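**Q** From the sequence below, what's the structure:
(4 chains)
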Number of protein chains: 4
Amino acid sequence: MEINGVDIKDTYAEGFGIKVTRMLVTAATKKLAKIAVTEATGYGTSVIGCPAEAGIDGYVPPEETPDGRPGYTIMICQGGKKALDHELMERIGMGILTAPTTAVFNCLESEDVLKTGNKLKFFGDGFEEVIDIDGRKIHSIPIMSGDFLVESAFGYKEGVAGGNFFVLANSKMSALVATEAAIDAIHNVEGVITPFPGGMVASGSKVGCNNYEFLNASTNEKMCVTLKDKVDSDIPDDVYGVMEVVIDGVDEDSVREAMKQGIKAACNVDGVLQISAGNFGGNLGAYKINLQDLF
Amino acid sequence: MEINGVDIKDTYAEGFGIKVTRMLVTAATKKLAKIAVTEATGYGTSVIGCPAEAGIDGYVPPEETPDGRPGYTIMICQGGKKALDHELMERIGMGILTAPTTAVFNCLESEDVLKTGNKLKFFGDGFEEVIDIDGRKIHSIPIMSGDFLVESAFGYKEGVAGGNFFVLANSKMSALVATEAAIDAIHNVEGVITPFPGGMVASGSKVGCNNYEFLNASTNEKMCVTLKDKVDSDIPDDVYGVMEVVIDGVDEDSVREAMKQGIKAACNVDGVLQISAGNFGGNLGAYKINLQDLF
Amino acid sequence: MEINGVDIKDTYAEGFGIKVTRMLVTAATKKLAKIAVTEATGYGTSVIGCPAEAGIDGYVPPEETPDGRPGYTIMICQGGKKALDHELMERIGMGILTAPTTAVFNCLESEDVLKTGNKLKFFGDGFEEVIDIDGRKIHSIPIMSGDFLVESAFGYKEGVAGGNFFVLANSKMSALVATEAAIDAIHNVEGVITPFPGGMVASGSKVGCNNYEFLNASTNEKMCVTLKDKVDSDIPDDVYGVMEVVIDGVDEDSVREAMKQGIKAACNVDGVLQISAGNFGGNLGAYKINLQDLF
Amino acid sequence: MEINGVDIKDTYAEGFGIKVTRMLVTAATKKLAKIAVTEATGYGTSVIGCPAEAGIDGYVPPEETPDGRPGYTIMICQGGKKALDHELMERIGMGILTAPTTAVFNCLESEDVLKTGNKLKFFGDGFEEVIDIDGRKIHSIPIMSGDFLVESAFGYKEGVAGGNFFVLANSKMSALVATEAAIDAIHNVEGVITPFPGGMVASGSKVGCNNYEFLNASTNEKMCVTLKDKVDSDIPDDVYGVMEVVIDGVDEDSVREAMKQGIKAACNVDGVLQISAGNFGGNLGAYKINLQDLF
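**A** Alright, predicted model coming up:
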């Protein structure tokens, strides 16, 4: 199968279950909202080593937010409920409450909730109040610079982590720019994040490690461009650049749509030769998303 | 004392000891370097709730870096050596190694070192190599997109956290813009970071909590602008906006210089009326930096 | 009339007819598209002194563009057809053709057209080709870095210039931040641009000049905050900051919608006290847009 | 000659004389200064079609500016004095005076001056004043949002336009990213601008036109990557991407230093194969800068 002359390999991405939350962070200006969410979603590429997987989902213009201010939706994801609860407390409490003019609204309806706002309110030392915005229960907490607003409870549900695809191209920089184009496209899909730096994964790994048995993940040497001539490489002859995109979503449909839009965009960039995907033989993850089935 | 008509209050900032590291992250372009350091230093405003205090120190042009590429210096700080070691491993391993085209060099000479690079090398699964750049011992680790370079060991030393000042102004937005100007100025001082979102602290706190005894920090109601008429406020009559800047540095001199430059810049913004600072009576922190002594 | 406690003055903005064009500029990535349109729309605040009024309308995601790449719509406006023709030639030829990976598509259907693409094709020196994208006649012109694509003809029509409102606030910086919030909101309205720097007008003027008769426009002293106590000022007692927003649109409805969204957003920012507008007694412009009628 | 394995061709860039000005634009914050200079230097890639060549030279931190605020140096260049005078008036008057909180200082000492500030002062309609900042004669002009400050006179002198080099690489995107790296490096050289979009020139041209005699410049088909197999191409076999960088400077030394730093930086990017330069046989321009002589 080809898109715009690019080979779409007959393989699948293997995804995993993860608990996801999704909230909207507004502020006086778009720039101030961006500052807050950038802090709150940093250090959140993969739960392999980060305390959470986190990222910016999309921009929401003033006309469409509960308080008429510009904002960004973000997602914070973790495998365990307790860890997720902790991450919401600290990422909102240390990264958004501390940023000027912010408010945080829940964007994921679910029976299962984390009472983050209800706990953060104690920071107000008795001066906090409950207010209603758009039918939502909001805690208004006086801070030095004004009042911080946070919804009382945030829904969480089982989502999908590890949606992914590989971009193979005629040079390292072609793969890099194509991945950037893919991320641009994915930013317009609701309910997904690309948690790695700038959305790009430069270091796709394999499970386990052949030389150092104490490691449970290591470099995927068969896909490393600088090892192409040194190992039994999986990289096609004409390919000299490889990059990966990893996607977390609120459900499988969102992840599939993000993969579809991302792949289409990557195939529009000069020098892209093949789209592939990462999986672990299908035994580890609950989700198998075949690339060709997306189109 | 006045600067540009702004009252510099006769008070002091109270700082604390903290273990600091400082490294340079380079990449193919300035933008790619920024993407990596933004991820690696996120979720790092205060060790009260974040796993580390982290931030971008400054930009270093290609002409001045070991590999002739653009880069940013960053600092990662923690109270304990073990926690600091963990943070370097994960923030570099998950946030920089995963970003395209990056390299990480140590920028803090010290006898005490963390062997982060020496540990990250195992990700190479035997394909890693040791190379020399500019007299430095560098591990070159093949990853999908190319080779990730990381210095073998990173120095750490006792630095200073919690340098700070308050900007008091005639409106919330005057305080906000003045704080932004202060941050712009501080970015040019070497060896310091302003770890809060965009460098601004909207929510300066007090030690302890009057109403909820389980909390050991809570809102500083006497400095909250929206509580000015409800409590025995410390906010002057003509002040309606308050923001704080918090600074971590490699040593007291760096923090003092950052406070000086930041305060001078804030005093250049229309509407700023007073500069103050936060302390805890001098009993908690090892460093007392008097505002008026800076000038 | 009040919005969120802000006084909406019973006055009107006076707008003028202007010839408008609107085109979509796509590129390999969102960032590359932004670079091109920033160059092409610069030096374009007002035809009083600039060769055109020009600006970025909005972002269009890959899924919604003719070539599946990210892009920005821009508008270029001029009073005269000949001058407009020249501006399209040079702003596209010097500012977009010269930027890497770009393509330009017409976004304004009209019987009146400027054959910009048809003239730019000669740059190809015989190597240019005509291709079809989505039913559009496109000239593909080989340039050093690849092929530049440009639609053959661009529609133009009579639009509206000079839609505007003033933001009056309790400090200069409150007015500034509120104006920024207004611009954020207006960016989501299709068919309009805010041609001044960052969308903000710091220097609203009056027609004519009292002291220097050779000038046909000069500072509006009655609205200057630093002259409040020196002249018979029109600025209310509690106002210490004034900023203006100016809007050009493809038609009156677009300008009205932009004014509405911008004013609503400004009224959400702390410290804003009044919204007013600029007019010249109604004798100069063809359009009178009453502020209160917008809501 | 090779740098980092990249062939530096034995050829030269041919530059031209041009009249240059250089000024510093400060504002309350770095962001506000950037907004102003971006507007003022737009639509200024080449005097072939733009009313001036203009660009941002570099960032100047608050500590180093006359008014202690962050700023950017910019350059505005034109062949003729009268046209240069007009461009300064309108680019400063329409693009910087109209932007909030700005001030403009002369940065080029010369006996030849343009009295831009002295003419812009009339906008103040008699309310303008002369003040002294750092020994400079400054006009303070009341505008709606505050006071606009502009130096009375700006020096101009004969500088150099058209310094340039080509980046040839293994793919279009390698050339593009390498050019971006070159621009990053050049931004740190004082006294130069790269006037094209984002500093990159995608469409290097030749003098004259073979097929359409009414054109005096047209595509350089021998260097067009998509015509490589259709014409008697000058592009080496292994090259599939070509980009150009064009530099204007206050003098030949500045241009040479910018070319040197830019070329070194480009040679650090993966996939770059050759650096070349553009000339017209040496008969048109007054400056010949040999690439190999730079190192």
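**Q** Tell me the helices and strands packed up against the host helix or strand of residue A:35.
**A** Assigned by DSSP states H and E, residue A:35 belongs to helix A:30-41. Counting contacts by 3 or more CB pairs under 8 Å, 6 or more residues apart in numbering or on different chains; DSSP states H and E, helix A:30-41 is packed against strand A:12-26, strand A:53-60, strand A:71-78, helix A:81-95. No exception for glycine: its C-beta is placed from N, CA and C like everyone else's.
**Q** What residues of that helix count as buried?
**A** A:30, A:31, A:32, A:33, A:34, A:35, A:36, A:37, A:38, A:39, A:40, A:41 (16 or more other CB atoms under 10 Å in any protein chain shown).
**Q** what's the answer for stretch A:155-165, then?
**A** Here stretch A:155-165 shows A:155, A:156, A:159, A:160, A:161, A:162, A:163, A:164, A:165 as buried, counting by 16+ other CB under 10 Å.
**Q** hmm, who's touching the helix holding residue A:35?
**A** A:25-27, A:54-56, A:59, A:69-72, A:74, A:76, A:91-92, A:95-96, A:98-102, A:193, A:195, B:38, B:42-43, B:45, B:196-198, B:200, C:180, C:184, D:31 (CB atoms under 8 Å, 6 or more residues apart in numbering or on different chains).
**Q** Would you mind splitting chain A into its domains for me?
**A** According to automatic domain parsing, chain A comprises the domains A:2-14+A:160-294, A:18-157.
**Q** Make TSV out of those and add distance to residue B:147 and mean pLDDT.
**A** Listed next are the domains of chain A as TSV, based on distance: least, CB to CB, whole Å; pLDDT from 0 to 100:
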stretch	distance to residue B:147	mean pLDDT
domain A:2-14+A:160-294	5	97
domain A:18-157	19	98
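**Q** among the ones you listed, which is nearest residue C:219?
**A** Of all those, domain A:18-157 sits nearest to residue C:219, with 27.3 Å by CB to CB.
**Q** end-to-end on that closest one?
**A** For domain A:18-157, the first-to-last residue distance is 8 Å (CA to CA, to the nearest Å).
**Q** Just checking the distance from it to the centre of its chain.
**A** Counting by CA atoms, centre = their mean, to the nearest Å, domain A:18-157 is centred 15 Å from the centre of its parent chain.
**Q** Can you tell me how far residue A:105 is from chain B?
**A** 18 Å (CB to the nearest CB, to the nearest Å).
**Q** does that residue really touch residue A:69, like I thought?
**A** No: using CB atoms under 8 Å, residue A:105 is not in contact with residue A:69; the gap is 10.7 Å.
**Q** about what we covered before: point out the most buried one among the helices and strands packed on helix A:30-41.
**A** Greatest average neighbour count among those goes to strand A:71-78 (a mean of 26), per mean count of other CB atoms under 10 Å in any protein chain shown.
**Q** what helices or strands is that strand leaning on?
**A** For strand A:71-78, the packing partners by 3+ CB pairs under 8 Å, 6+ apart are strand A:12-26, helix A:30-41, strand A:53-60, helix A:81-95, strand A:192-193.
**Q** Find the nearest non-adjacent residue to residue A:242, please.
**A** Spatially, and ignoring its direct neighbours in sequence, residue A:242 is nearest to residue B:144 (4.8 Å; CB to CB, 6 or more residues apart in numbering or on different chains).
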